[in-house]
Each structure stands twice: as structure tokens, then as C-alpha cells.
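**Student:** Sequence below, structure please.
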Amino acid sequence: MSNIVFIVGYYYPYFSPTGTCCYNIAEEIAKHHNVTVVCMKRRLGQPEREVYQNQTIIRVSHKWWDYRLKLDEKIRNSSGYINKFYTMILNAVRLKQYLDIILAKVSLHKSWIRAYKNALNKIEYPIDVLIPLSLPMESVVASSEYLKMHNKTIMIPFLCDPFVYNHRLHRNKWNMILKRKSNMVLETKVLEMSYKIFCLDYLRDHFDNDTQCMDDIVFVEHPLIKKIGMENRKAKFKRKNM
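**Tutor:** Prediction:
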């Protein structure tokens, strides 16, 4: 039985589309292996660690993200001028995060890389396989840095979205163009450390043209998507209307 660690953005119980893909894969692997999922904290007060469906979930954050979660909570629980005040502060925090990406050499948040890496370093058992799902690309970079100190661990990224050619990620089109070369160098460098790379088929054109890792890439269809929790919601609806 191997120790498999996934790294993803939003996960249980507030799944992102990438988090849902991660769950569909992790659910099957957890039937035969030990599975841990390192993910971003989505709401204030979420436990840093819990077990769900035979998966150990570790949630990570950093100072500015905690501050943003507190503001989100205050906005949800306020109204009127107080709500507008907290919204104004939240927009200022968003502006800071925007400038962080604009001013950075590559379009990554170092705080998230550190948070993911710290979580990996705290896992007590040896990690056999790391499976970072991108986006966020920070998950892949954190995994590659972990590999430098743990040469018995292998990394198998699962790429769900583009990194280099994603103007929403880079905040605007001109920033994407200006940093194309730096982002491409980073992407190629971390992917070269991979044992294998799983990639959604719609990204084929990008990798056909711009990477040296084609021999290690396996193009796949989108993981089968299940509406997680839909059965429970239907059951509650039936009971409510009985």
C-alpha cells in the first residue's frame, strides 16, 4: 500500500472544478492506498485537518489569505455602511494580490508555495507519489521543491488548465505576454522533474509547440464528473416535502 498525496486548490466541502476532478481520482485510489489531500482553506473556522471518505485532508493558508477570509465572513454577516466598509478593505487586499502578480517575475504567489511546502514537510510518513493538480500552478512548484529534498518521491502532475497562456491567471493580457518566457522556463523546469504528466486533451496544442517533455505527457479526457453530495441533497428534499 503506497502513500499518495494530492495537492489542489479548493476541496471538500467547497469544491472547485479542479477539486472535483481531484476527488474523482482520489476516491478510487483511496480504495487501495493511503491518500492525503493538501488543499487551500476556503472558509474561516475550517479545521486544518480532518478525514473524509478515507482521505486525510490538510488545509493550508497564509497571513494575507486568513485576513481575506475574515473579511469575507464580516461581509456575509453585515449590511449597510458596515458592509460597504469591509468590502472596501477587501478590495484593497485584492489590489495587493493583483500587484503581487504584476510585479512578480513569474505569475505565482510565493505565499501559497510556502504554505503547500510546509504542509508536505509536516507529513510524518514517507510520501511515495505526489499528484499536484494545476491550476493552481503553485501546487506543482511546491511539489518540485519537495522532490529536491526527497529523491525517493515521484511526482505526477495532473494539468487541468493552461498556465503560460492564461490571461485571467496573469490578471491581464499584456502581463501574460511580458512574462511568457519566464513562465515557460518555470513550467518546463518543474515538468522535467516529473515521472509522468497527465494533461487534459484540450491543452495538446500548447504542449505540442512549447515543451521538451512530450515523451512524458499522457493526454487524457476530463475525469468523470459526479455532482458530489447530490444524492444527499435529493434525499433531504424528499424528506422535506413528505
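
**Student:** Can you list the residue ranges for strands in the chain?
**Tutor:** All strands of the chain, identified by DSSP state E, fall at 3-7, 34-40, 49-52, 55-60, 129-134, 154-155, 158-159, 197-200, 217-220.

**Student:** Take these and lay them out in a markdown table including distance to residue 71.
**Tutor:** No exception for glycine: its C-beta is placed from N, CA and C like everyone else's. Rendered in a markdown table, the data for the strands of the chain read as follows (distance: least, Cβ to Cβ, whole Å):
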| stretch | distance to residue 71 |
| --- | --- |
| strand 3-7 | 26 |
| strand 34-40 | 16 |
| strand 49-52 | 24 |
| strand 55-60 | 18 |
| strand 129-134 | 27 |
| strand 154-155 | 35 |
| strand 158-159 | 32 |
| strand 197-200 | 34 |
| strand 217-220 | 38 |
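
**Student:** Out of those, the one nearest residue 91 is which?
**Tutor:** strand 34-40 (20.6 Å; Cβ to Cβ).

**Student:** Could you tell me the angle between the closest one and strand 3-7?
**Tutor:** 20 degrees (axes from the mean of the first three to the mean of the last three Cα atoms, to 10 degrees).

**Student:** where does this structure have low pLDDT?
**Tutor:** 208-214, 224-242 (pLDDT under 70).

**Student:** if you set the cut-off to 50 instead, what comes out?
**Tutor:** 230-242 (pLDDT under 50).

**Student:** Scan it for its longest helix.
**Tutor:** In terms of residue count, the longest helix belonging to the chain (DSSP state H) is helix 80-103.

**Student:** Tell me which residues of that helix come out buried.
**Tutor:** 86, 90, 100-101 (16 or more other Cβ atoms under 10 Å).

**Student:** That one packs against which elements?
**Tutor:** Contacting helix 80-103 under the criterion 3 or more Cβ pairs under 8 Å, 6 or more residues apart in numbering; DSSP states H and E are the following elements: helix 63-76.

**Student:** Contacts for the helix it packs on, please.
**Tutor:** 40-41, 43-44, 61, 83, 86-87, 89-90, 93-94, 96-97, 111 (Cβ atoms under 8 Å, 6 or more residues apart in numbering).
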